[in-house]
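K.L.:
Next one to model:
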Amino acid sequence: MDNIIFEKIWQDQNLIELKISANSEYVSAYQSCYIQDKNLEEIAEKLCYFVENYTVDCYLEFGKKEGSYTPAFSMYLLPANMSGHVKIEVDIEIADNDTRSHRCCFYIKSELGLIEKLGIALKDLITDQEGSKVSLC
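P.N.:
Numbers count the residues shown, from 1 in each chain. Model prediction:
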């Protein structure tokens, strides 16, 4: 079953380390990334906004994909179809070299209600304890 799982590994003041796992019919991959709590809250709000405005695509980035930064993760939500189904393109950085050149991109299938649930849960993850997990389904 398609899913995206966010696990809070560590937090120090406003910086959070997340382990992000994504699974589809064809691919399973994971990565760790660092994000400021305010950025995670903005992403959570954008997910909820997407649910209300599902005819417009939505791009979300955890970290920065270019430059001298820690690994980054992104989600590109395509507009929902008439049944409320959404394809999410996930882009997971494979941190196995210094050039940041290895990435894994694939689709996760979901629906609007699950995306809304994820947005709410990501906001709660900010204050949850280390080891807490939230997922798309």
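K.L.:
which residue sits farthest out from the middle of this structure?
P.N.:
Most distant from the centre of the chain: residue 82, at 23.7 Å, with distances by Cα atoms, centre = their mean.
K.L.:
now the helices for this protein?
P.N.:
Ranges of helices in the chain, per DSSP state H, are 37-52, 112-125.
K.L.:
now the angle from the shortest one to helix 37-52?
P.N.:
So the one you mean is helix 112-125. Counting by axes from the mean of the first three to the mean of the last three Cα atoms, to 10 degrees, helix 112-125 points 160 degrees away from the direction of helix 37-52.
K.L.:
and helix 112-125, what does it pack onto?
P.N.:
strand 3-12, helix 37-52, strand 133-135 (3 or more Cβ pairs under 8 Å, 6 or more residues apart in numbering; DSSP states H and E). For the C-beta atoms, the positions are set from N, CA and C on the backbone; glycine is no exception.
K.L.:
Report all helices and strands that the longest one contacts.
P.N.:
With contacts taken as 3+ Cβ pairs under 8 Å, 6+ apart, helix 37-52 sits against strand 15-23, strand 58-62, helix 112-125.
K.L.:
residue contacts, residue 94?
P.N.:
By Cβ atoms under 8 Å, 6 or more residues apart in numbering, the contact list for residue 94 reads 29, 31, 102, 103, 104.
K.L.:
swap in residue 113?
P.N.:
Shown in contact with residue 113 (Cβ under 8 Å, 6+ apart): residue 84.
K.L.:
Then residue 105?
P.N.:
Residue 105 makes contacts with 89, 90, 91, 92, as judged by Cβ under 8 Å, 6+ apart.
K.L.:
For it, give its distance to residue 48.
P.N.:
Counting by Cβ to Cβ, to the nearest Å, the separation of residue 105 from residue 48 is 25 Å.
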